[in-house]
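1. how would this look folded up:
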Amino acid sequence: MRTLIIEDEHKIANAIAQGLRQESYAVDVAYDGEEGLSSALTGEYDLIVLDRMLPGAIEGVDICREVRANNIHTPILMLTAKDQIQDRVTGLNAGADDYLVKPFAFEELLARIRALLRRPQDTTGTVLKVDDLTLDTLSYEVRRGAKVISLSSKEYALLEYMLRNQGRVLTKNNIIGHVWDYDADVLPNTVEVYIGYLRNKIDKPFKRHHLIHTVRGFGYKLGVEG
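-> Sure, this is the predicted structure:
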């Protein structure tokens, strides 16, 4: 899942980015309000982690309001050193979905991110499911039926994105935009390679119907086809 971090403190921003990448997230970082707002308005993100206090003319609350004014519904987790109730109310009223006060433990940040990503989904707890294929976003365990499937970090990220969008046709550009970092050197052929890796692990070893389908001229779709 592709995440945008807007945070002017480089040490904090880079630590969050490193932690999320280790959890199989694709991450872009902006260190000021202007760059952050531009990225939030033009990029396709699954989540935005936004610092409330930013240098320059554009601060976090301004970014949040502008994103919502442009009818962008990406979940926003706002970070701040301010812990007054009114500060939290201001951020939430501007359109933030959750609020986390600095300093914080990365484990709590990760838990809140997972909770925000679950909200739009019709899922039970932490489990994403289609047919007999399940992915647990908390334990990172992937199963088809009773068999546990071992995936690389990027294979896991690709499968999670497809599960969260099951039944939809996903173009190669959709997949690149949500599974790889913005500045990653990724070619469309790379998507084909990783789709192949997934098929070899979650489809080909099983006698049941295949779940990953190629939609000629458009992209790929995950789901059960009659």
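
2. state the next helix or strand along the chain beyond the least confident helix or strand in the chain by mean pLDDT.
-> In the chain, the helix or strand scored least confidently by mean pLDDT, DSSP states H and E is helix 85-93, which has a mean of 80. From helix 85-93 onward toward the C-terminus, using DSSP states H and E, the following helix or strand is strand 98-101.

3. does anything pack onto that following strand? Which helices or strands?
-> Other elements packing on strand 98-101 under the criterion 3 or more Cβ pairs under 8 Å, 6 or more residues apart in numbering; DSSP states H and E are strand 76-80, helix 85-93, helix 106-118. C-beta: built from backbone N, CA, C; applies to glycine.

4. turn those into JSON lines, including distance to residue 42 and mean neighbour count.
-> Below are the helices and strands packed on strand 98-101 laid out as JSON lines (distance: least, Cβ to Cβ, whole Å; neighbours: other Cβ atoms under 10 Å):
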{"stretch": "strand 76-80", "distance to residue 42": "16", "mean neighbour count": "24"}
{"stretch": "helix 85-93", "distance to residue 42": "23", "mean neighbour count": "15"}
{"stretch": "helix 106-118", "distance to residue 42": "21", "mean neighbour count": "16"}
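
5. okay if I get those as JSON lines plus distance to residue 145?
-> Converted to JSON lines, those look like this (distance: least, Cβ to Cβ, whole Å):
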{"stretch": "strand 76-80", "distance to residue 145": "35"}
{"stretch": "helix 85-93", "distance to residue 145": "43"}
{"stretch": "helix 106-118", "distance to residue 145": "24"}
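
6. ok, residues contacting the biggest helix by length in the chain?
-> Criterion DSSP state H: the longest helix present in the chain is helix 188-202. Contacts to helix 188-202, defined as Cβ atoms under 8 Å, 6 or more residues apart in numbering, come from residues 133, 142, 144, 149-152, 154-155, 158-159, 172-173, 175-176, 210-212, 220.

7. looking at the residues you listed, which are in strands?
-> 133, 142, 144, 149, 212, 220 (DSSP state E).

8. any idea which element residue 18 lies in?
-> Using DSSP H and E, residue 18 falls in helix 10-22.

9. quick one: that helix to helix 106-118, angle?
-> With axes from the mean of the first three to the mean of the last three Cα atoms, to 10 degrees applied, the angle from helix 10-22 to helix 106-118 works out at 60 degrees.
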